[in-house]
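1. Structure for this input, please:
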Amino acid sequence: IPVNVNYTNATGFADGTYYWQVLTMDSVTLVNTSSPVYTYKIDVINPSMSLNYPQPNNLFFNYSNDVLFNFTGLDINGLSSCRLYSNWSSVWEVNETFFTVSNNTPITTKKNLTDGTYLWTGECNDTLMNRGYGANGTFSVDTTFPIIENITFATEQGSQTFTFNHSFIVRNNILINPDW
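-> Take a look at the predicted model:
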């Protein structure tokens with residue numbers, strides 16, 4: 001039985017979902033289409049990412065609760081997983097992975113952090129493993145109250161004026177300059 005095999009190489013397809021099937025034909029043009037229909041997806045676009053909270057340059061003063069993180073991924077083919085990245089362990093790394101995610105639905109988690117200034121972002125993979133990252137966000141945690149020292153008052157007898165001298169010490173890594 002002579003067999004002729006023809007191959008077709010198709011290129012230039014845009015992003016989308018494509019279906020194909022194998023057809024067989026004999027010498028008298030009888031056609032068999034009993035092969036299954038195959039699906040092929042093309043997607044070269046990364047998911048888009050939004051960092052919702054904490055907002056850039058957020059400062060948590062005298063904060064004793066967990067810091068809330070919220071970010072959202074969006075992709076036309078859906079999402080397969082998302083990750084929270086940060087440097088609060090002194091190394092830029094994945095801090096949590098989320099496998100149950102929905103497209104365009106915020107992901108929320110809480111972290112208990114010590115005093116410091118940190119970077120964070122979210123990253124999501126779509127179902128074809130394209131990755132999208134949010135822009136890095138920066139925030140600070142400050143749980144230490146400032147210590148106020150050397151407060152003195154000086155008055156002159158019979159005068160309605162007084163002199164107020166003060167100084168303060170912030171005993172952590174975040175210095176805030178008051179405008180007094």
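2. alpha carbons only for contacts and neighbour counts from here, please
-> Fine.
3. and the residue lying farthest from the centre of the chain, what is it in contact with?
-> Using Cα atoms, centre = their mean, the residue of the chain lying farthest from its centre is Gly158. It sits 64.0 Å away. Going by Cα atoms under 8 Å, 6 or more residues apart in numbering, Gly158 touches no other residue.
4. Just name the shakiest helix or strand of this structure by mean pLDDT.
-> strand 162-169 (a mean of 62; mean pLDDT, DSSP states H and E).
5. where's the residue nearest the centre of the chain relative to Gly12, distance?
-> The chain has Gly122 as the residue nearest its centroid, 1.3 Å off, counting by Cα atoms, centre = their mean. Distance, Gly122 to Gly12, using Cα to Cα, to the nearest Å: 32 Å.
6. Okay, helices next: where are they in the protein?
-> With DSSP state H, there are no helices along the chain.
7. re the thing from before, and the residue nearest to the centre of the chain, what is it in contact with?
-> Neighbour list for Gly122: Met49, Ser50, Leu51, Phe71, Thr72, Cys82, Arg83, Leu84, Tyr85, Tyr133, Gly134 [criterion: Cα under 8 Å, 6+ apart].
8. Name the residues linked to it by a beta bridge.
-> Listed by DSSP bridges, the beta-bridge partners for Gly122 are Leu84.
9. do the same with Tyr19
-> Per DSSP bridges, residues listed as beta-bridge partners of Tyr19: Thr39.
10. Pull the number of nearby residues for it.
-> Neighbour count of Tyr19, defined by other Cα atoms under 10 Å: 9.
11. for it, what are its contacts?
-> Val37, Tyr38, Thr39, Tyr40.
12. are any of those residues buried, and which?
-> Buried members of the contacts of Tyr19, counted by 16 or more other Cα atoms under 10 Å: none.
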